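>>> Need a 3D model of the following:
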Amino acid sequence: MSRNPFDKSAPDMTASPSRQAEEPNGADTPQVPGSNPYELLTRRRVADEYGIRVKVLERYAWAGGGPKMVKLGRRTVRYRRGDIEAFIDAHVVDGQG
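I've put the predicted structure just below:
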């Protein structure tokens with residue numbers, strides 16, 4: 001049975017706006033910024049967040065060998081956060097050589 005939205009006698013069972021802000025999409029825990037491995041990032045944002053210069057990313061795109069990229073158009077390139085982190089993890093050295 002649906003509730004009449006104009007009936008003020010029945011309690012409102014929906015979450016308050018402040019509660020909704022704490023729990024996006026009805027989740028029990030808030031999302032941590034930067035935790036979505038499928039988030040698409042621009043070259044500038046990759047440079048800002050991970051310290052890889054934009055020119056280096058452009059050179060990788062031209063020559064190959066860099067992080068995987070998503071080509072959304074003729075000139076539109078994005079990087080998945082997970083691919084950037086996998087690329088960085090693959091280049092970790094132990095300091096012995």
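>>> By mean pLDDT, point me to the weakest helix or strand of the protein.
Least confident helix or strand of the chain, by mean pLDDT, DSSP states H and E, is helix 17-22 with a mean of 45.
>>> Report the mean per-residue pLDDT for stretch 58-76.
Stretch 58-76 shows a mean pLDDT of 95.
>>> Could you give me the buried positions within it?
In terms of neighbour count (16 or more other C-beta atoms under 10 Å), stretch 58-76 has its buried residues at 61, 66-67, 69. For glycine as for every other residue, the C-beta is placed from the backbone atoms N, C-alpha and C.
>>> Mind checking which of the residues you listed land in strands?
Judged by DSSP state E, these include no members of strands.
>>> Mind putting those into JSON lines with distance to residue 88?
What follows is the buried residues of stretch 58-76, written out as JSON lines (distance: C-beta to C-beta, whole Å):
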{"residue": "61", "distance to residue 88": "17"}
{"residue": "66", "distance to residue 88": "11"}
{"residue": "67", "distance to residue 88": "8"}
{"residue": "69", "distance to residue 88": "15"}
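>>> Understood, closing this out.
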